[in-house]
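# need coordinates for the following:
(one chain, ligands or ions: 3)
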Amino acid sequence: MKRTTLTQYLVEQQREEQAVSAEVRLLIETVSRACKAIGHAVSKGALGGVLGSLESENVQGEVQKKLDVLSNEILLEANEWGGHLAAMASEEMETIHRIPNRYPKGEYLLLFDPLDGSSNIDVNVSIGTIFSVLHAPHHASGRDVDEDDFLQPGVRQVAAGYAVYGPQTMLVLTVGTGVMGFTLDREMGSWVLTDPNITIPEQTAEFAINMSNMRHWEAPVKRYIDDCLAGKGGPLGKDYNMRWIASMVADVHRILTRGGIFMYPRDERPSGKNGKLRLMYEANPMSFIVEQAGGAAHDGSQRILDVQPTTLHQRIGVVLGSKEEVERVRRYHTEAS
Ligand SMILES: O=P(O)(O)OC[C@H]1O[C@](O)(COP(=O)(O)O)[C@@H](O)[C@@H]1O
Ligand SMILES: [Mg+2]
Ligand SMILES: [Mg+2]
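Residues are numbered from 1 along each chain as shown. Ligands and ions are numbered 1, 2, ... in the order given. Down below sits the predicted model:
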């Protein structure tokens, strides 16, 4: 069987499809190498001394796990010299990280959630890394990048992807020409294309939501989940199944594989009115991937990829997955307004 590696796929996207520049190709390869290193650390668990929490908190006031910080360092270090970057931004860093002493200035910006699903680290459940690539606006002018340069809507993403550290380590990637899944061949150390042209089935009978927040949800979300729970005899006319892993990467990966709807909606708590997930390095890359796989993503009203960010770490409600169900939730919101 002919094996296509990530490198071969990217070269083909560069030369034949002109979907990526040589710089983006190298950048993705660098990120994918960092993900291999993170996956390696994850797999060592207690033997590598990587489990548990630190004393520190990140910018969102969340206690940092050792692996949050280690993964952030691995990504920073790999990309400091390996890519054509002007700057990086991360869930774990308050401000942007400029690439020092580069001339000409790098053309791209990299954003990442170095370790997604932190609550699952110590219990040996799938976790991941999410990343997004943007152009650095005005890079030709030679001026230093600032935080405002990152505040671009998700439609401008040049590439997005995630690595999932589960029973298999996989990298799922889009450069705007569909979604490709690569599995890490640990013996060879290479990412092998195992899931070409991933598409999400339009219809589904599976939902993913943290039900413990039900009492805080807005009415349209409650209506949708009530309809799902009503099953065959209810308005949707079918029995639904539910899954919640509590790692966005793993939940979205399941949806890409077998369809479904994923929701972390904004809710009526003061702390929930803007949602929980982060727009720039969780919602945007995942929405780009989901749309490229034929699905849809909105925040309850607006398409996520059209949202104009105002701050680097802003949160947003997320509804994504199989088109028909995602559109149904949007309709429920419209009918309620
Ligand atoms: O614990 P909850 O409220 O169900 O939240 C789970 C969600 O939080 C997250 O873990 C947040 O990501 P981080 O671990 O990167 O902070 C998502 O991956 C997941 O969808
Ligand atoms: Mg996350
Ligand atoms: Mg994280």
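# how about the helices in the stretch 101-250 of the chain?
219-230, 248-258 (DSSP state H, counting those that start in this stretch).
# which residues are contacting the helix or strand that comes right after the shortest one?
This means helix 248-258. The helix or strand immediately downstream of helix 248-258 is strand 261-264, counting by DSSP states H and E. Here strand 261-264 makes contact (CB atoms under 8 Å, 6 or more residues apart in numbering) with 204, 206-210, 221, 248, 251-252, 255, 275-277, 317-322, 325-326, 329. Any C-beta I mention is one placed from the backbone N, CA and C, and that applies to glycine too.
# among these, name the buried ones.
Among those, those classed as buried by 16 or more other CB atoms under 10 Å are 204, 206-209, 221, 248, 251-252, 255, 275-277, 317-322, 325-326, 329.
# which of these come close to ligand 1?
Residues of the buried ones among the contacts of strand 261-264 in contact with ligand 1 (CB under 6 Å from any ligand atom): residue 248.
# filter the buried ones among the contacts of strand 261-264 by proximity to ligand 2?
Residues of the buried ones among the contacts of strand 261-264 in contact with ligand 2 (CB under 5 Å from the ion): none.
# picking up where we left off before, in JSON lines: the helices of the stretch 101-250 of the chain, plus mean pLDDT.
JSON lines is the format used below for the helices of the stretch 101-250 of the chain (pLDDT from 0 to 100):
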{"stretch": "helix 219-230", "mean pLDDT": "98"}
{"stretch": "helix 248-258", "mean pLDDT": "97"}
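# take the buried ones among the contacts of strand 261-264 and keep only those in strands.
In strands, judged by DSSP state E, the following of those are found: 206-208, 277, 318-321.
# how many neighbours does the residue nearest to residue 209 when sequence neighbours are not counted have?
Nearest in space to residue 209, with sequence neighbours left out and distances taken as CB to CB, 6 or more residues apart in numbering, is residue 263 at 4.5 Å. For residue 263, the neighbour count with other CB atoms under 10 Å is 24.
# comparing the helices of the stretch 101-250 of the chain, which comes out most buried?
helix 248-258 (a mean of 23; mean count of other CB atoms under 10 Å).
# that helix packs against which elements?
strand 127-135, strand 159-165, strand 169-174, strand 206-208, strand 261-264, helix 284-292, strand 318-321 (3 or more CB pairs under 8 Å, 6 or more residues apart in numbering; DSSP states H and E).
# for residue 16, phi and psi?
phi -90, psi -40 (degrees, to the nearest 10).
# same deal with residue 246?
Torsion angles, degrees, to the nearest 10, at residue 246: phi 70, psi 20.
# pull the contacting residues for it.
Residue 246 touches 117, 119-120, 125, 210, counting by CB under 8 Å, 6+ apart.
# out of those residues, who's nearest residue 292?
residue 117 (22.1 Å; CB to CB).
# state the distance from the closest residue to the closest one other than its chain neighbours to ligand 3.
Leaving aside its sequence neighbours, residue 117 sits nearest to residue 247 (CB to CB, 6+ apart; 2.5 Å). To ligand 3, residue 247 is 9 Å away according to CB to the ion, to the nearest Å.
# likewise for residue 100?
25 Å.
# if I look at that residue, how far off is residue 27?
From residue 100 across to residue 27, the span is 17 Å (CB to CB, to the nearest Å).
# who's more crowded, those two?
residue 27 (26 against 6).
# below-threshold pLDDT in this structure: ranges please.
For the chain, applying pLDDT under 70 flags the ranges 1, 82-83, 101-104, 139-142.
# biggest helix in it by residues?
Counting residues, the longest helix found in the chain (DSSP state H) is helix 22-44.
# just the C-alphas of it, formatted as CSV.
Output of helix 22-44 as CSV, limited to C-alpha atoms (Å, rounded to 0.1, in the frame of the first residue of the first chain):
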residue,chain,number,x,y,z
ALA,A,22,6.8,27.0,1.3
GLU,A,23,6.8,29.0,4.6
VAL,A,24,3.4,27.6,5.7
ARG,A,25,4.5,24.1,4.8
LEU,A,26,7.6,24.4,7.0
LEU,A,27,5.6,26.0,9.7
ILE,A,28,3.1,23.1,9.8
GLU,A,29,6.0,20.6,9.8
THR,A,30,7.5,22.4,12.7
VAL,A,31,4.2,22.4,14.7
SER,A,32,3.7,18.7,13.8
ARG,A,33,7.2,17.9,15.2
ALA,A,34,6.3,19.8,18.4
CYS,A,35,3.1,17.7,18.7
LYS,A,36,5.1,14.5,18.4
ALA,A,37,7.3,15.7,21.3
ILE,A,38,4.1,16.6,23.3
GLY,A,39,2.6,13.3,22.5
HIS,A,40,5.7,11.6,23.7
ALA,A,41,5.7,13.5,27.0
VAL,A,42,1.9,12.7,27.4
SER,A,43,2.5,9.0,26.9
LYS,A,44,5.2,8.8,29.6
